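*Asks:* Got a predicted model here, sequence first, then my questions.
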Amino acid sequence: MIGRAGLLPGLLFVTSVASAQGPPATTPGPAPQSSWKPFNELAWLVGHWAGTASSGARIGGRVARFTMELGGHYLMHRGSTVFPAEEGRPEETIEEVGWWSYDRERRMYVASYCFSTGVSGHFDVEVAPDGSVRLVASALQNYEAGARARVTLRKAGDAGLDISMDIAPAGKDFVAYQTSSLKKK
């Protein structure tokens, strides 16, 4: 048994050894956050757009609006394309609503689109170094079985947006379905 007289020198010895070893080790904190945040590289899309659309020989008009929603966690796209009546064909209006989000686990953007035609699709989204964006759906709902879709959005100058949508029937390559050339409003 150690008496009080023996305890004090022992504590002083332990304290001096601990001091000689330097400050106690600390566990590292979280790594500093980079300035990258989801949707930074897509900010150029946000706003109202209007221009022309074509599908085959048909020429019409298109409007689109991209907005950040729900606290900045989603990019919402609403669009409408109108092809006027011509050569015995009635006027045709196609609307779409798309929700883009960032999948943290997969470290990529994904999007879900619904069209007024009843067709819908889930897209993987790739952002190229030049800022162009490609959405690819490996399947479409309420469309021909096995069909795929691809949508490409490209900057066109300082205030332009070119959109192309391609469809690939089952087992075939992509073919142009619709193209648009829009200007920011």
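*Replies:* Received the coordinates, thanks.
*Asks:* Buried residues, stretch 79-86. List them.
*Replies:* Residues G79, T81, F83 are the ones in stretch 79-86 that count as buried (16 or more other CB atoms under 10 Å). Heads up, the C-betas are built off the backbone N, CA and C, glycines and all.
*Asks:* Please verify my assumption that the second one contacts I59.
*Replies:* Meaning T81. No. If you go by CB atoms under 8 Å, T81 and I59 don't touch, sitting 10.9 Å apart.
*Asks:* circling back: mind checking which of the buried residues of stretch 79-86 land in strands?
*Replies:* Among the buried residues of stretch 79-86, DSSP state E puts G79, T81, F83 in strands.
*Asks:* so which of those comes closest to S54?
*Replies:* F83 (8.8 Å; CB to CB).
*Asks:* hang on, the earlier thing: and which of the ones in strands among the buried residues of stretch 79-86 is nearest G160?
*Replies:* Using CB to CB, those come closest to G160 at G79, 15.7 Å.
*Asks:* can you map out the strands along the protein?
*Replies:* 47-55, 58-69, 74-83, 92-103, 108-115, 120-127, 133-137, 140-141, 148-155, 160-168, 175-184.
*Asks:* which one of the ones in strands among the buried residues of stretch 79-86 is nearest D130?
*Replies:* G79 (22.6 Å).
*Asks:* Test my guess that the closest one contacts A64.
*Replies:* Yes. The criterion here is CB under 8 Å, and G79 meets it with A64 at 4.1 Å.
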